[in-house]
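> Provided below are the primary sequence and the corresponding predicted coordinates.
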Amino acid sequence: MSNLTNEIVLRPRFQLHYNAEINELQSAFHNKAKEPFTLKTIDEHVYLGFIKSERTFWSPQLHLELTSFEKGKSSIHGVFGPNPTLWTFFMFLHFGVATFFIILGIFAYSKHALGHTITGLVIGMIVMLLLWIALYVFGRLGKKKGKPQMQQLYNYLEELLEGYKKSAAN
């Protein structure tokens, strides 16, 4: 799991390849949830997370997609990410700050072209920039806090797939 330590990646991803049919891998996940994990399957998609008592604001979840393009060989594509509701809210805040920054910039340009003072608008733009930086730092701290649970989810995945033989990349 060394590729999960990459600090630049917002939502760490990985791929695992197995010498098994896709339905065999799917059966590895059916009715196998155990404390402190939750496990939800929908067709070729599997969602691993934590039970409510273990979940924190920063708890990640693991989305797995099972694919097979060749008989007897299957792949699992995994993506770690925050709770979808939290992710949506966080992106909403980022887009809101960016939109407000752009609107202030347009007003500042218009007022400057008319020869009016733009001090308040420039201060507003600086505040928006500082707010965006704060959101970025807040997100990085959250990702760092969620790393131990990411490792737990990955270890649980390996435990579930213990009996299946890994293969080289398809």
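Structure received.
> And for the nearest residue to Pro82 once chain neighbours are set aside, the neighbour number?
Nearest residue to Pro82, sequence neighbours excluded (CB to CB, 6 or more residues apart in numbering): Pro60, at 6.1 Å. The C-beta positions use only the backbone N, C-alpha and C, and glycine is treated the same way. When neighbours are defined as other CB atoms under 10 Å, Pro60 has 27 of them.
> ok, now Leu121?
Leu121 has 20 neighbouring residues, counting by other CB under 10 Å.
> Which secondary structure state is assigned to it?
Following DSSP: H, G, I helix; E, B strand; the rest coil, we place Leu121 in the helix state.
> nearest residue to it other than its sequence neighbours?
Using CB to CB, 6+ apart, the nearest residue to Leu121 is Ala108, at 4.0 Å.
> ok, now Arg55?
Gly49 (7.3 Å).
> quick one, what contacts the one you found?
When contacts are counted by CB atoms under 8 Å, 6 or more residues apart in numbering, Gly49 touches Phe37, Thr38, Lys40, Arg55, Ser59, Pro60, Gln61, Leu62, Leu153.
> try Phe57
With contacts defined as CB under 8 Å, 6+ apart, Phe57 is in contact with Leu86, Gly142.
> Next, it: secondary structure please.
At Phe57 the chain is in coil, as set by three-state DSSP.
> and the helix or strand bottoming out on mean pLDDT in the chain, what other elements does it pack with?
The least trusted helix or strand in the chain, going by mean pLDDT, DSSP states H and E, turns out to be helix 22-27, with a mean of 85. Counting by 3 or more CB pairs under 8 Å, 6 or more residues apart in numbering; DSSP states H and E, the packing neighbours recorded for helix 22-27 are strand 60-70, strand 73-82.
> what about Gly81, neighbour count?
Neighbour tally, Gly81, other CB under 10 Å: 17.
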